[in-house]
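> fold the stuff below for me.
(chains A, B, C and D)
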2 protein chains.
Amino acid sequence: MLSFTEENYLKALVQLTIFEEGKDEVGVNKLASCLEVKPATVNDMVRKLKVKSLVSYEKYGKISLTPIGRNSGMMVIRRHRLWETFLYEKLDFSWDEVHELAEELEHIHSQKLINRLDQFLGFPEFDPHGDAIPNVDGEIVIPFRKTLSESGKGDIVKIVAVKDNSTAFLQYVDKIGLVIQDEIIIEEKEEFDSLITIKIKGKQHVVSPRFTDNIFVVCAKCLKANDCSCKY
Amino acid sequence: MLSFTEENYLKALVQLTIFEEGKDEVGVNKLASCLEVKPATVNDMVRKLKVKSLVSYEKYGKISLTPIGRNSGMMVIRRHRLWETFLYEKLDFSWDEVHELAEELEHIHSQKLINRLDQFLGFPEFDPHGDAIPNVDGEIVIPFRKTLSESGKGDIVKIVAVKDNSTAFLQYVDKIGLVIQDEIIIEEKEEFDSLITIKIKGKQHVVSPRFTDNIFVVCAKCLKANDCSCKY
DNA sequence: TATAAAAGTTAGTCTAATCTAACTAATTAA
DNA sequence: TTAATTAGTTAGATTAGACTAACTTTTATA
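The predicted model follows:
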């Protein structure tokens, strides 16, 4: 049985490798700052996880997940996202409140509980933030998508997910009236300071990279993120 | 914020004092065996809880809860019983499975979460084992009831709750087909070995104190536990 | 009421997860 | 290609919660 702490390390590793495209390993410092602990602490813990065959690691090298470690980490994320969905759908929490509560709930271990919850919710595919929920085997479909920052002037896109789950960010998204599946028109891109002018439900907003880096979109017409040659 | 461990101490104290009629304090050894730790460990922890004004305690004396300690302990029990009800009512767990899962879930702190859950469940008064659920202020109505062992020959009683929440006990209760609110007729009481012959739904069973000590009943006619002068 | 048994305490040890401070290795840039 | 910077490691300390073993106080009983 994994401890609360070990599970958090594995979850962070999944986020920093599998969910970060084109990466399958990460350094001690990066993991430390993600978990808000010191590198020395990570160094100790990674050695423990290696003994348990959950990570691959050599002194002065990078950290990567073994298949077992990957599956364990994925299960934490499955539990997190299912609880978020429960809180949002059944207990009427807002999408900016669910993350923090799910950070605690994700450590309840029972497989049976989480599978019953999954069934109770009707086997949802996405959590309230638009993220895919790993299935019972820890498999996940990582959908094609890009950030709003990567979109070009004139593009018409659809928001599919948010990257940042913090209360502050989500409340800002609420404030400008944006909801998952909404259409966004990129009206202006200012190269100098990276400010972008977008139109949502007919209303213009000027937004900064702090915002656009954390919004995931696909082309509104073809629903692809790349290789979209749609003309409007 | 109380730790997982501190909460378990307070919960155990509520169970050993408030729920144990006529008691308002308990010794170090009793608490230790309830928590399955050594007396030395309890001694240390009780001193910590005293510093936090959660218990009253003097060296070589008995332990009792302060009003704050009582309320904190009661909140753990409220969370435990509401989660049990959720698992039983919404996720179709059997009554012998819910206790163990609730032991983990009871430590999720959010007041808002637990109050929303309460509302979602329709403000239940009793958990699946027949125990009353403390309200939002930590108040609880401890109903009049006695154990089946205390009933006399010829009594016709109604089961209102079980004392032991262990899987083994509850599966035995299921096996003999007994359900909360069922009527039980005490047909025979053998003083020699304390075996009791009961009739449930027309079927006779011979049961031991291991069973009768853990079944809470009231008089089936007047619904009182004591001072019942009903004649059949 | 003396003494044996039960209950409670103390001191010292252990483990998990964290830290700081000082060190070493690897990478980057002048 | 050497010096500076960044990344990673090691040793030693700390805290919470548990333990054992030896000791002391309280209670119960002969």
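> how about the residue positioned nearest the centre of chain A, nearest residue that isn't a chain neighbour?
Chain A has A:K163 as the residue nearest its centroid, 5.2 Å off, counting by CA atoms, centre = their mean. In this structure, A:K163 finds its nearest non-sequential neighbour in A:N214, 4.3 Å apart by CB to CB, 6 or more residues apart in numbering or on different chains. The C-beta positions use only the backbone N, C-alpha and C, and glycine is treated the same way.
> what of A:H107?
A:F4 (5.2 Å).
> I figured A:G152 hits A:I186, correct?
Yes: using CB atoms under 8 Å, A:G152 is in contact with A:I186, at 6.7 Å.
> of the two, who's got more company?
The neighbour comparison of A:G152 against A:I186 (other CB atoms under 10 Å in any protein chain shown) goes to A:I186, with 19 against 8.
> pull out the buried residues from the helix or strand harbouring that one.
Here A:I186, judged by DSSP states H and E, is contained in strand A:183-189. Using 16 or more other CB atoms under 10 Å in any protein chain shown as the test for burial, strand A:183-189 gives A:I184, A:I185, A:I186, A:K189.
> tell me the one of those nearest DNA strand C?
A:K189 (27.8 Å; CB to the nearest atom of the strand).
> now do the closest one against DNA strand D, distance only.
Counting by CB to the nearest atom of the strand, to the nearest Å, the gap from A:K189 to DNA strand D is 30 Å.
> cool, and A:R210?
For A:R210, the distance to DNA strand D - CB to the nearest atom of the strand - is 22 Å.
> what bridges to A:Q204?
Applying DSSP bridges to A:Q204 gives these bridge partners: A:K199.
> mind checking how far it is from DNA strand C?
39 Å.
> in this structure that residue contacts A:T197, no?
Yes: checked against CB under 8 Å, the pair A:Q204 and A:T197 is within contact range at 6.2 Å.
> find residues that contact each of those two.
Contact criterion CB atoms under 8 Å, 6 or more residues apart in numbering or on different chains; residues bridging A:Q204 and A:T197 by contacting each: A:E187.
> the two: which has the busier surroundings?
A:T197 (15 against 11).
> look up which helix or strand the more buried one falls in, please.
Counting by DSSP H and E, A:T197 is found in strand A:196-200.
> what is that strand packed up against?
strand A:183-189, strand A:203-207 (3 or more CB pairs under 8 Å, 6 or more residues apart in numbering or on different chains; DSSP states H and E).
> any chance of these in a markdown table, plus mean pLDDT and distance to B:P209?
A markdown table is the format used below for these (pLDDT from 0 to 100; distance: least, CB to CB, whole Å):
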| stretch | mean pLDDT | distance to B:P209 |
| --- | --- | --- |
| strand A:183-189 | 95 | 71 |
| strand A:203-207 | 96 | 72 |
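> adding distance to A:R116, write the ones you listed out as TSV.
Below are the helices and strands packed on strand A:196-200 laid out as TSV (distance: least, CB to CB, whole Å):
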stretch	distance to A:R116
strand A:183-189	37
strand A:203-207	41
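> within range of DNA strand D, give me the residues from chain A.
Applying CB under 7 Å from any atom of the strand, we find that chain A lies next to DNA strand D at A:27-30, A:39-40, A:43-44, A:46, A:59-62.
> return the members of those classed as buried.
For those, buried by 16+ other CB under 10 Å: A:V28, A:K30, A:V46, A:K62.
> tell me the mean pLDDT over the helix or strand hosting the third one?
With elements delineated by DSSP H and E, A:V46 resides in helix A:39-51, which encompasses its position. Averaged over helix A:39-51, pLDDT sits at 97.
> mind giving me the packing neighbours of it?
helix A:4-16, helix A:28-35, strand A:55-56.
> then that helix to CSV, C-alphas only?
Provided in CSV are the C-alpha atoms of helix A:39-51 (Å, rounded to 0.1, in the frame of the first residue of the first chain):
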residue,chain,number,x,y,z
PRO,A,39,15.5,18.7,-4.0
ALA,A,40,17.1,16.9,-1.1
THR,A,41,13.7,15.5,-0.1
VAL,A,42,13.0,14.3,-3.6
ASN,A,43,16.4,12.7,-3.8
ASP,A,44,15.6,10.6,-0.8
MET,A,45,12.0,9.7,-1.9
VAL,A,46,13.1,8.8,-5.4
ARG,A,47,15.5,6.2,-4.0
LYS,A,48,12.6,4.7,-2.0
LEU,A,49,10.4,4.6,-5.0
LYS,A,50,13.2,2.9,-7.0
VAL,A,51,13.5,0.2,-4.3
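> quick one, the biggest helix by length in chain A and helix A:4-16 angle?
Of all segments of type helix in chain A, defined using DSSP state H, the longest is helix A:67-89. Angle, helix A:67-89 to helix A:4-16, by axes from the mean of the first three to the mean of the last three CA atoms, to 10 degrees: 90 degrees.
> who are the packing partners of the helix or strand that comes right after helix A:67-89?
Once helix A:67-89 ends, the next helix or strand along the chain (criterion: DSSP H and E) is helix A:98-105. The helices and strands touching helix A:98-105, judged by 3+ CB pairs under 8 Å, 6+ apart, are helix A:67-89.
> avg pLDDT for the helix it packs on?
Helix A:67-89 comes out with an average pLDDT of 98.
> now do the buried residues in it.
Here helix A:67-89 shows A:69-89 as buried, counting by 16+ other CB under 10 Å.
> tally of neighbours for A:K90?
Considering only other CB under 10 Å, A:K90 is surrounded by 16 other residues.
> remind me which residues of chain A are low pLDDT?
A:225-232 (pLDDT under 70).
> mind giving me the domain ranges of it?
What automatic domain parsing lists as the domains of chain A is A:4-68, A:146-219.
> among these, which comes closest to B:F19?
B:F19 lies closest to domain A:4-68 among these, at 29.4 Å (CB to CB).
> any idea how far that closest one is from the chain center?
17 Å (CA atoms, centre = their mean, to the nearest Å).
> what's the distance between the closest residue to A:T41 other than its chain neighbours and DNA strand C?
Distances taken as CB to CB, 6+ apart place A:A32 nearest to A:T41, at 6.9 Å, with adjacent residues excluded. To DNA strand C, A:A32 is 8 Å away according to CB to the nearest atom of the strand.
> quick check: A:A32 vs A:Y57, distance?
14 Å (CB to CB, to the nearest Å).
> how far away is A:M1 from A:K189?
51 Å.
> who's in contact with the nearest residue to A:D127 once chain neighbours are set aside?
Of all residues beyond its chain neighbours, the one nearest A:D127 is A:R81 (3.9 Å), with distances taken as CB to CB, 6+ apart. The contact partners of A:R81, taken as CB under 8 Å, 6+ apart, are A:A102, A:D127, A:D131, A:I133, A:P134.
> tally of neighbours for the second one?
A:D127 sits with 26 neighbouring residues when counted by other CB under 10 Å.
> correct me, but it touches A:I140?
No: using CB under 8 Å as the test, A:D127 is too far from A:I140 to be in contact (11.6 Å).
> cheers, nothing more for now.
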